[in-house]
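Enquirer: sequence and predicted structure are below.
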Amino acid sequence: MIRKSVTASSLQRVHRRRNTASRAFIKILKEYSDTVLQYSIDEAWVVFDGFEKLYGRGQMVKLAYEIKDRIREELGFTVNVGVSTNFLLSKTAGDFSKPDKVHTLFPEEVEKKMWPLPVSDLFFCGRSTVEKLHRLGIQMIGELAKADEGMIRAHLKKHGQTIQGFARGGDLDQCMIAHEANKGYGNSLTAPVDIVTEEYAKHLLLSLSETVGARLRADDVMVSLVSVHLTTCEFSRMNKQMQLDSPPISQRRSMRRPV
């Protein structure tokens, strides 16, 4: 195994490059729709209300290929595009085989395309939840979808109801994807692995701070209140916030302030 050594200065350069690429990525998406919901530095939903009724699903897929190819040709990196009629299914489709592909996951395709996948591939199914499902004999998303609701609720409480709804093709709650316009600036991500070290936690916080800071600078906005929200794999939510005496001049300074 060869592992690349990463220094603080190289991390800063990586963050700046990712930040620049993210802005260019979102700029292209906004040329196609007024409603672009950025989920993380490299992931966003593009909403086309009424597009399916006007033009049909074939045109939806054709447009997805156009966006994908344009990003590759103009920005020099590849993206996957998931196409569906709700947020969860489009996100799931975007995580199918990579790179540089377009996948559909419409409600009638859930049984064929999503149910054969392991439960670990389901949105908001962290390691602890997967282990509990395995102890119940549930390995695949389809098995979770068909499982007795009372049993799932008894063992996994509200979180179990939520992920079982996802397994059946249900959509995300709006609070998971939407930020209120003109009231605040924020960003979020779902960690690809468990956060078990302070170093990794700081790395993720810096990445989020970079993207939020870029948006603040782009809009020439200063902030006086910083809030951090955390959702665990069990769907427990925590948050901390603090009032700032003066706006931070850098992402790293804002991270050093206790919250």
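Expert: The structure has been received and is ready for your questions. Small disclaimer: the values here were computed from a predicted structure and weren't measured. Residues are numbered from 1 along each chain as shown.

Enquirer: surely residue 170 meets residue 88?
Expert: Yes - the criterion here is Cβ atoms under 8 Å, and residue 170 meets it with residue 88 at 6.8 Å. All C-beta atoms are positioned from the backbone trio N, CA, C, and that covers glycine.

Enquirer: who has more neighbours, those two?
Expert: For the pair residue 170 and residue 88, the greater number of neighbours falls to residue 88 (23 against 18), based on other Cβ atoms under 10 Å.

Enquirer: isn't the more buried one right next to residue 167, touching?
Expert: No - at 10.1 Å, residue 88 does not count as touching residue 167 under the criterion of Cβ under 8 Å.

Enquirer: what segments of this protein are strands?
Expert: 35-40, 43-47, 81-83, 102-104, 225-231, 237-243 (DSSP state E).

Enquirer: for the residue positioned nearest the centre of the chain, give me its contacts.
Expert: Nearest residue to the geometric centre of the chain (Cα atoms, centre = their mean): residue 39, 4.4 Å. By Cβ atoms under 8 Å, 6 or more residues apart in numbering, the contact list for residue 39 reads 45, 91, 177, 188-189.

Enquirer: please parse this structure into its domains.
Expert: 115-174, 176-256 (automatic domain parsing).

Enquirer: rewinding a little: closest one to residue 211 among the strands of the chain?
Expert: Residue 211 lies closest to strand 35-40 among the strands of the chain, at 7.9 Å (Cβ to Cβ).

Enquirer: can you list the buried residues in that closest one?
Expert: For strand 35-40, a neighbour-count test (16 or more other Cβ atoms under 10 Å) marks 36-39 as buried.

Enquirer: how about those residues in a markdown table, adding pLDDT and distance to residue 140?
Expert: Listed next are the buried residues of strand 35-40 as a markdown table, based on pLDDT from 0 to 100; distance: Cβ to Cβ, whole Å:
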| residue | pLDDT | distance to residue 140 |
| --- | --- | --- |
| 36 | 90 | 33 |
| 37 | 87 | 29 |
| 38 | 83 | 31 |
| 39 | 79 | 25 |
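
Enquirer: what segments of the stretch 51-200 of the chain are helices?
Expert: Taking DSSP state H, counting those that start in this stretch, the helices of the stretch 51-200 of the chain run over residues 51-55, 57-75, 87-94, 127-135, 141-146, 149-167, 198-218.

Enquirer: pick the most deeply packed of those helices.
Expert: helix 87-94 (a mean of 22; mean count of other Cβ atoms under 10 Å).

Enquirer: so how far is that one from its chain's centroid?
Expert: 10 Å (Cα atoms, centre = their mean, to the nearest Å).

Enquirer: which one of the helices of the stretch 51-200 of the chain has the poorest average confidence?
Expert: Of all these, mean pLDDT reaches its minimum on helix 198-218 (a mean of 76).
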